[in-house]
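In: One predicted model, sequence on top.
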Amino acid sequence: MNQVVYSSAALAPFTETQLSELLVRARKNNERLGVSGMLLYHDGSFLQVLEGEGSILETLFAVIGCDKRHHRMVTLLKREVKERHFADWCMGFASTKNLPTNFPGYSEYLRLRGNPSEGANAAVRLLAAFRDGRFHSFVQR
């Protein structure tokens with residue numbers, strides 16, 4: 001099992017409709033590929049964790065890298081893991097936008113302020129750092 005974490009910057013701000021459409025497509029595609037993870041969006045910045053078979057992730061990562069809706073893609077972490085850290089969904093999604101909380105795959109991760117490092121793994125700490133704005137300077141236009 002492999003895990004890749006990357007950040008990127010949107011070329012233009014995403015609307016709630018665009019974010020919803022992205023979530024629906026990503027969940028369907030990732031379920032078909034056996035990929036899990038979480039996608040975070042905040043003020044034009046993306047952070048995504050992808051988990052799955054190595055060759056599948058490499059192909060998916062190359063496709064994502066060619067997506068013209070974002071740029072400044074930076075790989076933050078690439079590693080083997082013993083088990084999935086985000087196995088509860090085929091693609092979790094969090095945004096500071098006002099998407100309906102009952103939307104399939106939606107997570108309010110960026111609004112939560114509990115102990116995000118619970119579980120003490122690198123992916124959770126990276127997500128918490130993104131939520132707290134520490135990666136914005138790397139991906140801002």
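Out: Received it, and whenever you're ready, just let me know what you need.

In: how near is the closest residue to E83 other than its chain neighbours to K68?
Out: Spatial nearest neighbour of E83, chain neighbours left out: M1 (6.6 Å); criterion: C-beta to C-beta, 6 or more residues apart in numbering. Backbone N, C-alpha and C define where each C-beta goes, glycine included. Separation of M1 from K68 (C-beta to C-beta, to the nearest Å): 30 Å.

In: Could you do S7 as well?
Out: Taken as C-beta to C-beta, the span from S7 to K68 is 17 Å.

In: which residues does G65 contact?
Out: M73 (C-beta atoms under 8 Å, 6 or more residues apart in numbering).

In: gap between it and A87?
Out: 25 Å.

In: picking that back up, what's the burial count for the residue nearest to E83?
Out: 16 (other C-beta atoms under 10 Å).

In: got a pLDDT number for it?
Out: In the predicted model, M1 carries a pLDDT score of 93.

In: That one reaches V81, doesn't it?
Out: Yes - here M1 reaches V81: they are 5.3 Å apart, a contact under C-beta atoms under 8 Å.

In: Could you pull out the residues contacting both of these two?
Out: With C-beta under 8 Å, 6+ apart as the test, M1 and V81 both reach E51.

In: now stretch 35-43: mean pLDDT?
Out: What stretch 35-43 shows for mean pLDDT is 84.

In: Which positions within that stretch qualify as buried?
Out: Neighbour counts using 16 or more other C-beta atoms under 10 Å place V35, S36, G37, M38, L39, L40, Y41, H42 of stretch 35-43 among the buried residues.

In: Kindly report the same for stretch 50-59.
Out: L50, E51, G52, L57.

In: now do the same end-to-end measure for it.
Out: End-to-end span of stretch 50-59 (C-alpha to C-alpha, to the nearest Å): 12 Å.

In: which residues sit against it?
Out: 1-5, 30, 33-37, 60-61, 81, 84-87.
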